[in-house]
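Trainee: What shape does this take:
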Amino acid sequence: MSEAELYQLRARLMGGMFNKARRGELKLRLSAGFVYTPDDRIVLDPDQQVRESIHLLFETFRRVGSAHRTVSYFRDQGLKFPLRLHSGPHKGEIMWRGLSRSRVMEVLHNPSYAGAYCYGRRKQRRIDLEGHTHVAYVPREEWHTLLIGAHEGYITWEEFEQNQKALLGNARGLGHEQYAPREGPALLQGLVVCGVCGKRMTVRYHRRRGCISPDYVCQGERNTWALPTCQSISGGGIDEAIGSLLLELVTPLTLEVALAVQQEMQARIEEADRLRHQQVERAGYEAELARRRYMQVDPDNRLVASSLESEWNDKLRELTRSREEYEQARAADRLSVDDRARSQVLALAHDFPKLWQDPRTPDRERKRMVRLMIEDVTLIKSDSIAAHIRFKAGATKSLQVPRALSSYEERRTSPEVVAEIDRLIDEHIDGEIAEILNSRGFESGCGKRFDARRVHVIRRAYGLKSRYTRLRERGWLNLREISEKLGLRPSTVRAKRAQGSLGFGSIILNDMGQHMYENPDGSGATDSTTTATCTQEV
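Mentor: Numbers count the residues shown, from 1 in each chain. As a prediction, this is how the structure comes out:
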């Protein structure tokens, strides 16, 4: 009975806790940036540096769209981020640490920063007999309580939902959402919509002629039902058309855009400078607090005095280091804005095509520029590619882009060259035809000069009648036939041809030196038994 009563008491306690959580009255462990008031209400932390650091994290993620790049920004600016300790001798205090990716993910996934009261996001289970536990996050539909708008937050709930979609897209990159711009030449990465099924199209890269070329692929229901790919479109021509369109549309507004970029850069630098200055102020406060503690101790109590003196010295060193870092960062910001960035931005304002086409401009930055203006692009593949562009402001524009040629189509010889070869076969051998084509400036499908072998391949590929067939149709005879007709040995016929004493005409057949001979009696073409391949003249 005593064991049963323990279970009953535990069940009642858990039930009461769940009821309080359902009403939003159960006190939870607060994250950095929130505190409880005396009447148990959740409010923003009164510490200005804590609030501005959290605001800067959300603003940076909104701008760059990636947790990794948010961490990089804080690291490059030398900024620290608050962390509330939940155990140890300093439990409940705020510590300032370098921002890590796991910390960014924890803040972005925490609904309390959007003003929501949440209970049951994590489940804890024991994994061994020694009391070790494993904590795992559960899906939102399994949360016990979620009260939106329960208290003041740093972002709205709509922005929290957008952050979750962005993180989900960054994690899987399957084209379901507009995930963050990444490396690679695909200009419309994450923006392409399939015009057939309406799903997002993903990017595939392959090497073509030594360069990386993108393809926009719609998987459709392939992954779910093993169906064929919906669409696969070469992205080279699409990207060029979009780039040309942007250059055409953006050019009149380049100066205004450049000034806006300059103002944004200045605002970011001022925000980072203010946070770094607050870090110096905090270090100064801690150093002054350590000094007062040391001055209030009894000088004869050397055990305590020496510890407090050491702590004071540590705080002074931290203050000095913070001041030096602040001055260095401030000087670097002033230099980058005044001398370099400002002049570059204003110079590029008058020459936006130079910025766009500059090979030193990273692909990721081009994609970010595209996303400032374009919402999405819908592609439909037929004889040509129909691209329907939807801009951020709501305007739309449609383009017709020629379908990219396949490899064999690009290497195909032009009809003009084929027709010219067909005309020259009647009077010239392959080597002579190649020389004539080169002298007239013609090129093969691969962009190379012609030779006898290439002319022979083109004749075979396009089914052109050979010079031998054409001469046979005109009644010309080969060496064996003319020898039988004259009753002479083939060597004698060749000798007479060399001496010019045959009495009838001969013509060279190919680059091997073989000849065809005019029929002495002027009769038509020979019968089918004489149309075999001509005997080589030895």
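Trainee: Doesn't W96 belong to a helix?
Mentor: No. W96 is assigned strand when assessed by DSSP: H, G, I helix; E, B strand; the rest coil, not a helix.
Trainee: That one contacts R84, correct?
Mentor: No. Between W96 and R84 there is no contact under C-beta atoms under 8 Å: 11.1 Å. Using the backbone N, CA and C atoms, a C-beta is placed for each residue, glycine as well.
Trainee: Between the two, which has more neighbouring residues?
Mentor: R84 (19 against 16; other C-beta atoms under 10 Å).
Trainee: Kindly report the domain assignment for this protein.
Mentor: 252-361, 407-464, 475-538 (automatic domain parsing).
Trainee: Now distance to E52 too, for those domains, in CSV please.
Mentor: Listed next are the domains of the chain as CSV, based on distance: least, C-beta to C-beta, whole Å:
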stretch, distance to E52
domain 252-361, 6
domain 407-464, 56
domain 475-538, 83
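Trainee: Among those domains, which comes closest to H388?
Mentor: domain 252-361 (22.2 Å; C-beta to C-beta).
Trainee: okay, now V455: neighbour count?
Mentor: There are 27 residues near V455, going by other C-beta under 10 Å.
Trainee: What of the one 3 residues further on?
Mentor: The local packing count at I458 equals 21, with neighbours defined by other C-beta under 10 Å.
Trainee: Now that we have the domains of the chain, can you turn them into TSV and tack on mean pLDDT?
Mentor: Below are these laid out as TSV (pLDDT from 0 to 100):
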stretch	mean pLDDT
domain 252-361	73
domain 407-464	84
domain 475-538	73
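Trainee: mind checking the SS state of the residue nearest to T37 when sequence neighbours are not counted?
Mentor: Computed as C-beta to C-beta, 6 or more residues apart in numbering, the closest residue to T37 that is not its neighbour in sequence is V43, at 5.7 Å. What three-state DSSP gives for V43 is strand.
Trainee: mind listing what V43 touches?
Mentor: 34-37, 151-152 (C-beta atoms under 8 Å, 6 or more residues apart in numbering).
Trainee: Need the phi and psi values for the residue most central in space within the chain.
Mentor: Centroid-nearest residue in the chain: R182, 3.7 Å away (criterion: C-alpha atoms, centre = their mean). Phi and psi for R182, reported as degrees, to the nearest 10, are phi -130, psi -180.
Trainee: Retrieve the pLDDT associated with it.
Mentor: Predicted confidence (pLDDT) at R182: the value is 71.
Trainee: quick revisit: in strands, which of the contacts of V43 appear?
Mentor: Per DSSP state E, strands hold the following members of those: 34-36.
Trainee: top of those by neighbour count?
Mentor: F34 (20 neighbours).
Trainee: so what's it closest to, chain neighbours aside?
Mentor: Closest to F34 by C-beta to C-beta, 6+ apart is I42, at 5.4 Å.
Trainee: Which strands and helices lie in contact with the helix or strand hosting Y326?
Mentor: Using DSSP states H and E, the element containing Y326 is helix 302-335. Applying 3 or more C-beta pairs under 8 Å, 6 or more residues apart in numbering; DSSP states H and E, one finds that helix 302-335 makes contact with helix 254-296.
Trainee: Let me know the closest of the ones in strands among the contacts of V43 to T202.
Mentor: F34 (39.6 Å).
Trainee: Test my guess that that closest one contacts R41.
Mentor: No. Contact criterion C-beta under 8 Å: F34 and R41 do not qualify, at 10.3 Å.
Trainee: Please report how far the residue nearest to T37 lies from K496.
Mentor: 117 Å (C-beta to C-beta, to the nearest Å).
Trainee: what does L99 give?
Mentor: In terms of C-beta to C-beta, L99 sits 97 Å off from K496.
Trainee: which one of those two has more residues nearby?
Mentor: Remark: of L99 and K496, L99 carries more neighbours, 23 against 15, as counted by other C-beta under 10 Å.
Trainee: re the thing from before, let me see the contact set for the residue nearest to F34.
Mentor: 30, 34-36, 112, 117, 150-152.
Trainee: now with 7 Å?
Mentor: Residues in contact with I42, defined by C-beta atoms under 7 Å, 6 or more residues apart in numbering, are 30, 34, 36, 151.
Trainee: picking up where we left off before, can you pick out the most distant pair from the contacts of V43?
Mentor: Farthest apart among the contacts of V43 - using C-beta to C-beta - are Y36 and E152, which lie 12.9 Å from each other.
Trainee: Find the residues that touch each one of these two.
Mentor: By C-beta under 7 Å, 6+ apart, no residue touches both Y36 and E152.
Trainee: just to revisit the earlier point, pLDDT score for the residue nearest to T37?
Mentor: If you check V43, the pLDDT there is 90.
Trainee: So which residues of the stretch 301-450 of the chain form helices?
Mentor: Counting by DSSP state H, counting those that start in this stretch, the stretch 301-450 of the chain has helices at residues 302-335, 342-349, 352-357, 363-373, 407-410, 415-424, 430-439.
Trainee: Deepest-packed of those helices, please.
Mentor: Neighbour counts (mean count of other C-beta atoms under 10 Å) averaged over each of these peak at helix 430-439, with a mean of 18.
Trainee: E271 is in contact with L56, isn't it?
Mentor: Yes. With contacts defined as C-beta atoms under 7 Å, E271 counts as touching L56 at a distance of 6.1 Å.
Trainee: Mind checking which of these two has more residues around it?
Mentor: L56 (21 against 17).
Trainee: What residues does the more buried one make contact with?
Mentor: 271, 275.
Trainee: Alpha carbons only: can I get the helix or strand containing it in CSV?
Mentor: Assigned by DSSP H and E, L56 belongs to helix 48-64. Written as CSV, here are the backbone C-alpha positions of helix 48-64 (Å, rounded to 0.1, in the frame of the first residue of the first chain):
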residue,chain,number,x,y,z
GLN,A,48,20.5,46.6,-22.4
GLN,A,49,23.5,44.7,-23.7
VAL,A,50,21.7,41.3,-23.4
ARG,A,51,18.7,42.6,-25.3
GLU,A,52,20.7,44.2,-28.1
SER,A,53,22.8,41.1,-28.5
ILE,A,54,19.7,38.9,-29.0
HIS,A,55,18.2,41.5,-31.4
LEU,A,56,21.4,41.5,-33.4
LEU,A,57,21.4,37.7,-33.7
PHE,A,58,17.9,37.7,-35.1
GLU,A,59,18.6,40.6,-37.4
THR,A,60,21.8,39.0,-38.7
PHE,A,61,20.0,35.7,-39.4
ARG,A,62,17.3,37.5,-41.2
ARG,A,63,19.9,39.2,-43.4
VAL,A,64,22.3,36.2,-44.1
